[in-house]
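Trainee: Here's a sequence, model it:
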Amino acid sequence: MKTRCLAAALALASLLPAGARAGAVFDSDAYAFAYDLTFTYAVGGGDATDDVVVAPLFGGDEPGGSVRNMHLEGQATGDSLGEIGALEALGATAFAYGESGPTLGYAEGFGAAFFDFLVVNVSETEAITFAFDYEIGAFSDASLSPDAPDVFYDAAAFGGALVYVDTVPIFENDGAPVDPDGLFDLIEAETDARFGPFGPQGAEGELTSFSFTLDPGETIYFTLEAYADGFALAEPVPLPAGLPLVGAALAALGLAARRRDRA
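Mentor: Predicted coordinates for the structure are as follows:
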């Protein structure tokens, strides 16, 4: 699954028509998936699903964040997709893509998807083990195709994904997994077409198994999150403030020289 996701992202730029790659372009993608969620009694290993309450806090298909075009030739898309089928499988993906146009334009896009779950052991006597496998990945690419010497081009892209499990919800940490007692995994990919790193950047985690034991009455919070953003810019290069004066002075010197030659 993860290899196909990044392979598709890497192939996107090559599939775009040549005109779509003119100017500045950004493309970023990320995903976070969890599989085979199970609840078993810590002693005996039997199915403990009936003694667990799983309640979604946030998540699903979130809006694409901010998307705007500031010039006619600027384009941007930001979107997100989150899907939940049975409890055994969760997934979150996000992408953002935009291009400046060949001469003038600014585009930025942002997309995010996440699942936040509260998991409670409602048993009064039994400890329960919560286990699942997960994988996360991110891709970013920003490129410049200068077409005019008097136009300044810039582009950057960023993608990230995380898995967060802790005794406090992630939104109490301003949306960042910073609690030292929490367990989380974070992957990021960042590309800057002007200042580096340059070219496509991809990062993938291996399929990882995780388990957490909940004591009787204990609550934990489980988050899958994917996010992507970027910008592309093409704008006229401003003339230095003194350049018109220098040009006038040079013209005056040329005129004086021609007059001397005639004399």
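
Trainee: can you give me the strands in the stretch 151-263 of the chain?
Mentor: Assigned strands in the stretch 151-263 of the chain, in chain order: 151-166, 183-192, 201-204, 208-214, 219-236 (criterion: DSSP state E, counting those that start in this stretch).

Trainee: where among these is the average confidence lowest?
Mentor: When those are ranked by mean pLDDT, strand 219-236 comes last with a mean of 88.

Trainee: List the buried residues of that strand.
Mentor: 220-235 (16 or more other Cβ atoms under 10 Å). Quick note: C-beta positions are derived from backbone N, CA and C, even for glycine.

Trainee: rewinding a little: just put the strands of the stretch 151-263 of the chain in JSON lines and tack on distance to N121.
Mentor: Shown next, in JSON lines, are the strands of the stretch 151-263 of the chain (distance: least, Cβ to Cβ, whole Å):
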{"stretch": "strand 151-166", "distance to N121": "14"}
{"stretch": "strand 183-192", "distance to N121": "17"}
{"stretch": "strand 201-204", "distance to N121": "33"}
{"stretch": "strand 208-214", "distance to N121": "4"}
{"stretch": "strand 219-236", "distance to N121": "8"}
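
Trainee: Out of these, which gets nearest to A96?
Mentor: Of all the strands of the stretch 151-263 of the chain, strand 219-236 sits nearest to A96, with 4.4 Å by Cβ to Cβ.

Trainee: Neighbouring strands of the closest one in the sheet, and parallel or not?
Mentor: strand 105-121 (antiparallel), strand 151-166 (antiparallel) (DSSP bridges).

Trainee: If I take it and strand 183-192, what angle do their directions form?
Mentor: Strand 219-236 and strand 183-192 are oriented at 0 degrees to each other (axes from the mean of the first three to the mean of the last three Cα atoms, to 10 degrees).

Trainee: those strands in the stretch 1-150 of the chain, which residues are they?
Mentor: With DSSP E, counting those that start in this stretch as the criterion, the stretch 1-150 of the chain has strands spanning 23-41, 52-60, 67-69, 75-84, 89-99, 105-121, 128-145.
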